[in-house]
Every structure is written in structure tokens, then in C-alpha cells.
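Peer 1: Build me a structure from this.
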Amino acid sequence: MNDTLPFGPIEGPVLHAAIDMQVMFDHGTEWASPAVRQALPGAMALTQARPRQTVLTRFLPPHRPDAAPGRWRFYYERWRDICLDKMDPSLAAVVTPLAAVGCPILDKAGHSAFDAPSFRRRVEGIETLILSGVETDVCVLATALDAVDAGLRVIVAADAVASASEAGHRATLDAVLSRFDRQVEIATVAAILDGWFAQS
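Peer 2: Residues are numbered from 1 along each chain as shown. Got it, this is the predicted structure:
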């Protein structure tokens, strides 16, 4: 984890995306873990610092497995109780502290935020994408790789991402994203905020 941004201050248009900081990943479902609470302080710091440059994503399961495309049906047959016809829909909400800031909430059906057309529109003209949220080794990773392919400067806030799998979290930061060392920067929230405000 870097205490400074490897490629210097953030310049140009920036978007911070807090990925899938939802109630169902915090409590009330089989997917619940400590990850949301671990990522929340850092995600809140980034969001509150630049609310107008922040979006929140929500991962929305289908109503039933047969409503999902292709192999996703097989996936949701395993996670049948997560489907919206079984799960309390309020559990899909963004956790209250983040939702209360009032940033746009963008819904997606896939792992990557780029699955959502509304997100793809938001990144048009953006040069830098800052990522926080859950899970490091699933939706954050998928979004980071799509952002790399889109040519964006990608900054992952290492102390504002987390996973139900500590091994997966560590491997993603230490072994996977570090392979993209010319395209992905991994830094602390403090370092990101210092670099972000340097452009003001």
C-alpha cells in the first residue's frame, strides 16, 4: 500500500466509484461478511470529500434464476435465496451512511460497474477512476480491469476495499492488480485525497 500516488497528483476529470456497499453484503443474507464495515470508513472519506464526483453502484440479482442470462442461471440456482423474489428487496439498498450523502446510485446486474449503461455514460470524458468498496477480488477487480481496457488511470484505495475472503483480498492487491503496475495504482485513502486535492 502506497502512502503517495505512484504517478503523482490526480489531474483532469475524476470519478470515484464506491462499489456495491450494500446491506445484503453486510447482514441478512448468505453473502454477508465483515467486508462492508471494513471498507466503509475509507469509502466514506472519499465520498464525503468529493460527493459530486462520486457514484455508488448496486449489484442487483434477478427476480428468479431463469430470468438471468446464460451461466448466470446456474449461478443463481446455487444462490436461490439471494434472488429478489426470495430476498427482502430492502437488503439490496446501499448502506445508510453512504446513501445519506446523496450521490447517484447506479444499478448493475454483472460484476463490473461497466455492466451498467448509466455507469458507462458517467465515465465518458473521465480520465481517472478511483475505486472503493466490495469485494476486492470480485466486483472491484472486474471494474478495475474494465477501466484499464477503457484507458483510464485506475486508482484502488487499498484501505477502502475489502472482501469476505481475506486471501482473495490480499492476492488481488499484492499479486493480481500489481501486475498492471503501469495502469493501476494502489494507494491509501490519505494519499489519494492528497493527490486529488492537489488539483484544486
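
Peer 1: For the residue of the chain most remote from its centre, give me its contacts.
Peer 2: Using CA atoms, centre = their mean, the residue of the chain lying farthest from its centre is Asp66. It sits 26.5 Å away. By CB atoms under 8 Å, 6 or more residues apart in numbering, the contact set of Asp66 is Arg73. All C-beta atoms are positioned from the backbone trio N, CA, C, and that covers glycine.

Peer 1: tell me the phi and psi of it?
Peer 2: Torsion angles at Asp66 (phi, psi; degrees, to the nearest 10) stand at phi -70, psi -10.

Peer 1: What's the separation between it and Asp85?
Peer 2: Asp66 is 11 Å from Asp85, where distance means CB to CB, to the nearest Å.

Peer 1: what's the span of stretch 133-148 from first residue to last?
Peer 2: Start and end residues of stretch 133-148 are separated by 18 Å (CA to CA, to the nearest Å).

Peer 1: other SSEs contacting the biggest helix by length in the chain?
Peer 2: Determined from DSSP state H, the single longest helix within the chain is helix 35-49. Judged by 3 or more CB pairs under 8 Å, 6 or more residues apart in numbering; DSSP states H and E, the packing partners of helix 35-49 are strand 14-19, strand 54-59, helix 96-99, strand 128-134, strand 153-162, helix 189-197.
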